[in-house]
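J.: Coordinates for the following, if possible.
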Amino acid sequence: MARKVTSFKEGSLYRIEWLDHFDVDKTWMKKSEVDFNQEIKMITYGICIGKDGKYVTLSGTMQADDENPLHSQVFRCLKADIVAAKEIKF
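T.: As a prediction, this is how the structure comes out:
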């Protein structure tokens with residue numbers, strides 16, 4: 001079960017572990033055949049470039065020393081799906 005993580009600082013680098021949404025199966029199946037305990041955990045590294053009540057937005061790469069930097073590999077994640085988040089000092 002995910003726990004709510006809400007403390008992120010813009011400009012800081014993070015390692016976040018989050019629960020992914022996924023298809024259980026690609027075909028018809030009976031409810032009794034569904035594995036309700038299955039989960040997929042993902043790990044993402046990035047620099048926090050935005051946050052609000054529900055989401056954190058990370059950039060995998062960003063242009064240095066610019067007032068309005070270019071960003072690449074931008075990832076937005078629901079905070080409610082984050083299992084763990086750790087700030088990485090650089």
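J.: looking at the protein, which residue lies furthest from center?
T.: residue 30 (31.3 Å; CA atoms, centre = their mean).
J.: Contacts for the longest strand along the chain next, please.
T.: Longest strand in the chain, counting residues (DSSP state E): strand 41-51. With contact meaning CB atoms under 8 Å, 6 or more residues apart in numbering, strand 41-51 is reached by 8-20, 56-60, 62, 71, 73-75, 77, 83, 88. (C-beta placed from N, C-alpha, C; glycine too.)
J.: now the next helix or strand along the chain from that strand and strand 41-51, what's the angle there?
T.: Going down the chain from strand 41-51, the next helix or strand is strand 55-62, by DSSP states H and E. Between the axes of strand 55-62 and strand 41-51, defined by axes from the mean of the first three to the mean of the last three CA atoms, to 10 degrees, the angle is 90 degrees.
J.: how much distance is there from strand 55-62 to the middle of the chain?
T.: Centroid separation for strand 55-62 versus its chain: 9 Å, with CA atoms, centre = their mean, to the nearest Å.
J.: Run through this protein and note the low-pLDDT ranges.
T.: 1-6 (pLDDT under 70).
J.: switch to 90 and redo it
T.: When residues are selected by pLDDT under 90, those of the chain lie in 1-7, 21-27, 29, 33-39, 53, 64-67, 89-90.
J.: quick one, strands of it?
T.: Using DSSP E, strands in the chain cover 13-19, 41-51, 55-62, 71-78, 82-88.
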